[in-house]
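[1] Got a sequence here, can you build the structure:
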Amino acid sequence: MGEKKFFWIKLKTDFFNQDEIDYLMSQKNGCEYIVLYQMLCLQTANNGGMLSRQVGEMLVPYDVNKIVRDTKYFDFDTVAVALELFKKLGLIYEMDDSILKIARIEEMVGSESANANAIRQKRFREKQKLQSVTNSNANSNGLSVTNSNIEIEKEIEIRDRDRDRDRNRNRVDYQQIADIYNDTCVSFPRLVSLSDARKKAIKARLNKYTLDDFKKVFEKAEASDFLKGANDRNWAASFDWMLKDANFAKIIEGNYDNRKPKAPKNAGNRNPAAELEEFYKMAEEWADKE
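    Next up, the predicted model:
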């Protein structure tokens with residue numbers, strides 16, 4: 001189950017100056033139409049503005065009776081007239097499957113996770129508490145309350161940033177390591193699970209090495225013929241083998257890099273230009289004999 005989220009709608013300060021809203025206001029029941037429109041925006045904020053509900057495997061469109069039941073404050077005729085006006089004004093539109101959708105709902109909806117909401121509420125309470133104490137001290141000392149509030153904001157921001165940094169420092173993204181391995185070491189068995197033992201090994205290596213070192217090890221392993229099985233034992237490395245401390249160090253130091261073939265003896269004394277000249281000379285002598 002995903003983390004709980006909070007949704008809200010955002011109204012611009014010129015909301016009531018928009019032509020569509022101004023037109024609704026001019027109607028006999030205009031105020032009711034506008035309130036109904038806002039209620040529909042709120043009720044559909046968490047599903048993309050779709051006026052529908054999931055019933056089993058069916059997506060059932062809202063009808064006038066459903067909206068009357070949900071909104072509770074409007075009669076059938078008010079809702080029916082309002083929906084027609086909303087469609088004509090472009091505030092809602094009908095999709096191919098007969099489902100109505102709020103137009104431009106993405107511009108009006110805001111959201112945050114439950115955790116983010118809790119953090120924001122906590123910060124607000126702490127700010128209020130600090131502000132009360134600081135304002136009292138500032139007034140008694142004849143200091144500017146505005147400057148004190150700015151200092152409070154800075155203190156809270158610095159403290160929260162330091163906390164986040166410390167949390168991130170201790171947090172290990174095990175799946176990121178697994179993804180890098182699977183994307184890089186395509187010649188090796190794919191890593192499909194992260195056991196506690198593997199997480200422990202990853203965390204141990206991260207105490208000494210960086211994420212770039214992990215990438216380097218996986219790249220070197222993928223490029224190594226020996227680690228991929230080109231050896232007299234027909235043995236190939238695995239993720240668990242690579243993550244052992246000694247093996248990790250050997251790979252990153254290049255112990256398993258492919259070796260360049262040795263050059264033939266006296267290869268360094270060869271003179272390609274002279275050899276080519278000798279070939280031409282032999283060819284000319286052969287042509288003269290012909």
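
[2] And the residue nearest to Ile102 when sequence neighbours are not counted, how far from Tyr37?
    Excluding the flanking residues, the one nearest Ile102 by C-beta to C-beta, 6 or more residues apart in numbering is Gly49, at 3.4 Å. All C-beta spots, glycine's among them, are computed from the backbone N, C-alpha and C. According to C-beta to C-beta, to the nearest Å, Gly49 stands 11 Å off from Tyr37.

[3] Output the below-cut-off pLDDT ranges for the stretch 1-150 of the chain.
    Residues of the stretch 1-150 of the chain that meet the criterion pLDDT under 70 lie in 1-4, 112-120, 130-150.

[4] how about the strands in it?
    5-9, 50-55, 58-61, 92-94, 100-102, 109-113 (DSSP state E, counting those that start in this stretch).

[5] same question, the stretch 151-290 of the chain
    Going by DSSP E, counting those that start in this stretch, the stretch 151-290 of the chain shows no strands.

[6] Where does the prediction get shaky in it?
    Those would be 151-170, 261-271, 273, 275-290, if you go by pLDDT under 70 across the stretch 151-290 of the chain.

[7] mind giving me the domain split of the protein?
    Domain assignment of the chain by automatic domain parsing yields the ranges 5-107, 115-170, 174-252.

[8] In this protein, which residue is most central in space?
    Gln176 (12.3 Å; C-alpha atoms, centre = their mean).

[9] where's the residue nearest to that residue when sequence neighbours are not counted relative to Gln54, distance?
    Distance criterion C-beta to C-beta, 6+ apart; nearest residue to Gln176, sequence neighbours excluded, is Leu211 at 7.6 Å. Distance from Leu211 to Gln54, counting by C-beta to C-beta: 41 Å.

[10] do the same with Val68
    20 Å.

[11] residues near Met242, how many?
    By other C-beta atoms under 10 Å, 22 other residues sit near Met242.

[12] Let me see the contact set for it.
    Residues near Met242 by C-beta atoms under 8 Å, 6 or more residues apart in numbering: Val217, Phe218, Ala221, Phe248, Ile251.
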